[in-house]
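Novice: need a 3D model of the sequence below.
(one chain, ligands or ions: 1)
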Amino acid sequence: MTAYIGLGSNLDQPLEQIRQAIQTLATEPSLIHFRVSKLYASKPVGPQDQPDYVNAVASFETSLSGIKLLDLLQSIEQDHHRRRERHWGPRTLDLDLLLYGQEQIDLPRLTVPHPFMLERGFVIQPLHDLAPDMLLVNGKTVTEQLHQLDTSDLVIITE
Ligand SMILES: CC1(C)Nc2nc(N)[nH]c(=O)c2N=C1O
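Specialist: Numbering: from 1, shown residues only. Now for the predicted structure:
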């Protein structure tokens with residue numbers, strides 16, 4: 001199954017957090033054909049009283065179930081000492097399961113496709129790096145969806 005995950009961080013050296021998470025995922029035996037988008041700096045969506053984020057999207061093949069994949073992502077978040085002070089507050093590392101093949105998953109712990117991904121430039125822009133022609137749940141391609149969004153705050157992080 002091809003899975004797409006969103007990576008985000010805005011605490012404790014966000015670029016380092018994302019780079020380490022990418023390294024961990026890329027070397028995880030249960031994930032193959034690992035690909036990752038460019039890295040982007042982005043203004044916080046939601047509460048503005050927090051630092052800017054570093055965001056990326058990764059894709060890979062896996063035979064893990066959606067729930068097992070969620071467990072893996074949450075264990076990596078814990079390794080990055082993720083603390084949940086407040087909803088939509090700053091965090092050291094966020095690994096969101098965005099898409100799991102064409103599956104719709106509606107469980108208390110897991111909703112896939114990720115409910116807010118279509119409106120988020122910090123998701124759709126990096127997703128476009130990986131799969132511009134992929135059809136989304138709303139019948140648009142990623143490229144078409146990207147044209148609906150204002151991504152003027154996104155800055156590519158080079159180096
Ligand atoms: C707080 C909220 C909604 N805002 C975000 N805003 C940005 N730019 N990037 C994120 O990853 C992100 N994650 C979130 O969970």
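Novice: how about the residues of the protein near the ligand?
Specialist: Residues of the chain found near the ligand (Cβ under 6 Å from any ligand atom) are 8, 42-46, 53, 55, 88, 94, 122. All C-beta atoms are positioned from the backbone trio N, CA, C, and that covers glycine.
Novice: so which of those sits lowest on pLDDT?
Specialist: The member of those with the lowest pLDDT is residue 88, and it reads 78.
Novice: helix/strand/coil for the closest residue to that one other than its chain neighbours?
Specialist: Counting by Cβ to Cβ, 6 or more residues apart in numbering, residue 46 is the residue found nearest to residue 88 once chain neighbours are left out, at 4.2 Å. The assignment at residue 46 comes out as coil when based on DSSP: H, G, I helix; E, B strand; the rest coil.
Novice: count the neighbours of residue 46 for me.
Specialist: Counted with other Cβ atoms under 10 Å, the burial measure for residue 46 works out to 9 neighbours.
Novice: sorry, back to before: just the ones of the residues of the chain next to the ligand in helices?
Specialist: With helices identified by DSSP state H, the entries of the residues of the chain next to the ligand that belong to them are residue 122.
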